[in-house]
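# can't give you the sequence, but here's the structure:
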């Protein structure tokens with residue numbers, strides 16, 4: 001009897017379902033919170049109140065917001081690189097604590113010791129914030145292994161960028177995840193320029209969703225400027241992971257409006273290119289169009305805008321009033337106490 005051909009994993013459909021008006025308003029609120037928070041963080045950096053590096057998430061808001069719809073807060077695990085403020089806010093971290101951490105204050109989520117790139121918040125399932133390019137992929141795969149080992153039905157959401165997709169530990173992680181069918185969702189936020197080199201100049205193959213093909217990991221591309229498309233693709237990938245079918249790769253095509261970090265003038269692309277994306281593909285403008293079709297009123301949007309303005313102002317005030325950590329804090333949280 002002829003042996004049946006092995007079934008090729010089906011691609012997850014990328015057709016976004018409709019969303020309710022209430023969902024759209026929530027998405028709008030979360031994306032505007034990230035946008036306004038990041039704009040204010042950029043201002044504080046310029047004033048010298050945020051030290052070190054600072055990587056803003058402006059333009060990529062739809063990715064974190066869409067992904068979070070499938071996250072069981074406090075149960076699932078989220079891990080990312082250093083462009084992490086948006087992920088923190090959507091994970092449910094207090095904006096006051098995030099802003100205080102950015103400014104190195106004791107009121108921050110990591111007591112001012114993590115800063116922009118290295119803050120954690122275990123209660124919300126946020127495991128960093130990592131400054132080493134690609135390191136979070138191996139760590140996140142470990143989080144997925146922990147969930148599998150414990151049998152707790154948790155999923156690890158592992159974010160990394162198009163630059164990190166060329167790091168060696170990424171493929172070691174892919175191999176282990178597929179070998180053991182780990183519940184890992186690899187979310188490649190392809191903003192096209194990594195640290196400042198276009199993907200066409202840095203990557204021999206630019207279809208990043210297919211980077212797991214040699215391991216048998218399925219993947220697909222998603223429009224990262226469309227929060228509904230992201231939500232839909234992630235939902236199906238997570239259902240697959242919770243069913244024990246193993247990892248999935250989502251290449252989320254997005255775009256960062258600012259430089260790689262606050263110190264990057266971004267001269268490797270033209271102002272016209274950035275302006276064109278802002279004009280035609282802005283994720284917040286897109287959700288506004290959907291809200292208009294859902295009969296949301298201008299008053300409803302203005303109320304959200306006012307609420308977010310107050311939240312960000314409160315976060316800045318909290319950060320400025322929170323004291324700097326005592327030098328003795330250098331010796332705390334170094335080892336796990338038995």
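Nice, thanks for sending it over. Remember, predicted model here, so these are calculated numbers, not experimental data.
# tell me the contacts of residue 106?
100, 112, 322, 323, 324, 325, 326, 329 (C-beta atoms under 8 Å, 6 or more residues apart in numbering). For glycine as for every other residue, the C-beta is placed from the backbone atoms N, C-alpha and C.
# can you show me the strands along the stretch 101-250 of the chain?
Using DSSP state E, counting those that start in this stretch, the strands found in the stretch 101-250 of the chain span residues 156-161, 184-190, 219-223, 248-253.
# listing partners with orientation, what would you give for the shortest one?
Each strand paired with strand 219-223, and its direction, by DSSP bridges: strand 248-253 (parallel).
# and the strand it pairs with, average pLDDT?
The average pLDDT within strand 248-253 is 98.
# right, and the helix or strand after it?
helix 271-281 (DSSP states H and E).
# now the strands of the stretch 101-250 of the chain in JSON lines, with distance to residue 125?
Formatted as JSON lines, those follow (distance: least, C-beta to C-beta, whole Å):
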{"stretch": "strand 156-161", "distance to residue 125": "9"}
{"stretch": "strand 184-190", "distance to residue 125": "13"}
{"stretch": "strand 219-223", "distance to residue 125": "22"}
{"stretch": "strand 248-253", "distance to residue 125": "19"}
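# on that earlier part again, please pick the buried ones from the contacts of residue 106.
Using 16 or more other C-beta atoms under 10 Å as the burial test, these include 100, 112, 322, 325 as buried.
# rewinding a little: out of the strands of the stretch 101-250 of the chain, the one nearest residue 334 is which?
Nearest to residue 334 among these is strand 156-161; the distance by C-beta to C-beta comes to 25.3 Å.
# before we move on, the earlier item: out of the buried ones among the contacts of residue 106, who's nearest residue 222?
Taking C-beta to C-beta as the measure, residue 222 lies nearest residue 100 of those, at 33.3 Å.
# that closest one contacts residue 322, correct?
Yes. Residue 100 lies in contact with residue 322 (C-beta atoms under 8 Å); the separation is 4.8 Å.
# where do the contact lists of these two overlap?
106, 107, 108.
# re earlier: keep only those of the contacts of residue 106 that are in helices.
Members of the contacts of residue 106 lying in helices (criterion: DSSP state H): residue 100.
# looking at the contacts of residue 106, point me to the pair that's furthest apart.
Largest separation among the contacts of residue 106 by C-beta to C-beta: 100 and 326, giving 15.0 Å.
# where along the stretch 1-150 of the chain do the helices fall?
Secondary structure of the stretch 1-150 of the chain (DSSP state H, counting those that start in this stretch): helices located at 21-46, 61-68, 85-91, 95-102, 135-150.
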